[in-house]
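A.B. asks: The following block contains a protein sequence and its predicted model.
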Amino acid sequence: MTEVVKVEGVQKNFGKAKALSDVTFTIKAGEVVGFIGPNGSGKSTTIRILLGIIKRNAGNAEIFGKDVWKNSLEIHKRISYVPGDVNLWGSLTGGEIIDLFLKLHGGGNKERRDYLIERFELDPKKKAKSYSKGNRQKVGLIAALSVDSDLYIFDEPTSGLDPLMESIFQEEVERLKSAGKSILLSSHILSEVERLADKVVIIRQGEIVETGTLEEMRHLTRSTVEMEADGDVSAMADVAGVFGFEQDGNKATFSAEQQHLNEILLAAGKLDVKKFDSSPPTLEDLFMRHYEG
């Protein structure tokens with residue numbers, strides 16, 4: 001697939017403080033990439049560099065094969081962006097602001113705009129100064145989703161939205177995905193990233209610490225096993241690849257390393273197993289592996 005976004009060894013300093021030391025990842029055509037990390041890890045700085053708002057100190061960053069700093073105006077014609085805190089003109093109504101955004105972008109589908117206003121339950125006649133944070137986010141999302149862009153960049157887009165609106169946003173992202181659009185989704189809601197992303201990029205202290213599909217990343221960590229048997233389950237505690245073993249009568253819970261699953265299953269098979277459930281690690285498990293301590 002064609003690389004829509006290409007970031008290689010990007011560095012950024014603010015004075016003596018190093019915000020990004022080595023950021024490298026790609027987004028292919030039709031791919032949803034989840035970009036995760038805690039506050040201060042460098043997510044928003046990376047996104048601002050991609051948008052041409054700030055200049056990198058080193059490395060390369062391209063969108064549609066063009067340098068993000070030198071060709072930002074041309075690139076912006078083909079992208080939609082929603083920040084984590086949408087600032088609006090207080091004296092204008094939500095509807096007026098959405099129309100202004102669409103006009104500034106140079107297009108937009110008015111039928112889709114009206115559909116999204118209804119779907120996100122936004123009152124477009126109210127002045128923006130009366131909007132809650134959630135409603136300000138809705139204005140940004142409606143404007144971005146009303147434009148037929150090739151790349152959508154969302155930086156904590158559902159901040160302030162209730163769970164129902166979060167679900168609607170996720171459905172809209174799935175629609176974009178099915179239409180072959182490329183999406184960079186930075187979100188603190190890990191379940192949202194897990195549901196939507198084809199690939200996950202984890203950033204820590206300005207460096208990319210892991211990149212890959214969820215399935216690829218799950219091979220690097222342990223599954224959780226819950227089992228019940230007629231035999232003595234304590235025998236499982238000494239099997240290679242078993243960690244964190246806990247026993248409650250004839251039931252046991254433990255973590256299992258992927259490369260030892262065959263040995264674990266063979267050992268369990270000798271105990272007259274009544275139940276054996278293995279759950280792959282969640283994105284939260286993978287995320288916390290990099291941030292615990």
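C.D. replies: Looks like it came in fine. Residues are numbered from 1 along each chain as shown.

A.B. asks: now the strands for this protein?
C.D. replies: 3-14, 17-28, 32-36, 58-63, 66-67, 79-82, 151-155, 182-186, 199-204, 207-212, 222-229, 242-248, 251-257, 273-279 (DSSP state E).

A.B. asks: how about TSV for those, with distance to Glu111 and mean pLDDT added?
C.D. replies: From N, CA and C alone the C-beta is placed, and that goes for glycine too. TSV is the format used below for the strands of the chain (distance: least, C-beta to C-beta, whole Å; pLDDT from 0 to 100):
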stretch	distance to Glu111	mean pLDDT
strand 3-14	27	96
strand 17-28	29	94
strand 32-36	25	94
strand 58-63	28	97
strand 66-67	31	97
strand 79-82	17	95
strand 151-155	19	96
strand 182-186	22	96
strand 199-204	32	91
strand 207-212	38	89
strand 222-229	47	89
strand 242-248	54	92
strand 251-257	51	91
strand 273-279	43	90
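
A.B. asks: okay if I get these as a markdown table plus distance to Leu104?
C.D. replies: Formatted as a markdown table, the strands of the chain follow (distance: least, C-beta to C-beta, whole Å):
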| stretch | distance to Leu104 |
| --- | --- |
| strand 3-14 | 22 |
| strand 17-28 | 24 |
| strand 32-36 | 25 |
| strand 58-63 | 19 |
| strand 66-67 | 20 |
| strand 79-82 | 12 |
| strand 151-155 | 16 |
| strand 182-186 | 21 |
| strand 199-204 | 30 |
| strand 207-212 | 33 |
| strand 222-229 | 49 |
| strand 242-248 | 54 |
| strand 251-257 | 52 |
| strand 273-279 | 47 |
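
A.B. asks: and Gly95, which of those is closest to it?
C.D. replies: strand 79-82 (17.5 Å; C-beta to C-beta).

A.B. asks: which helices and strands sit right next to the closest one?
C.D. replies: helix 133-145, strand 151-155 (3 or more C-beta pairs under 8 Å, 6 or more residues apart in numbering; DSSP states H and E).

A.B. asks: Make a markdown table from the ones you listed and add mean neighbour count and distance to Glu257 to it.
C.D. replies: Output for these, formatted as a markdown table (neighbours: other C-beta atoms under 10 Å; distance: least, C-beta to C-beta, whole Å):
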| stretch | mean neighbour count | distance to Glu257 |
| --- | --- | --- |
| helix 133-145 | 23 | 41 |
| strand 151-155 | 23 | 35 |
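
A.B. asks: Select, out of those, the one closest to Leu73.
C.D. replies: strand 151-155 (14.9 Å).
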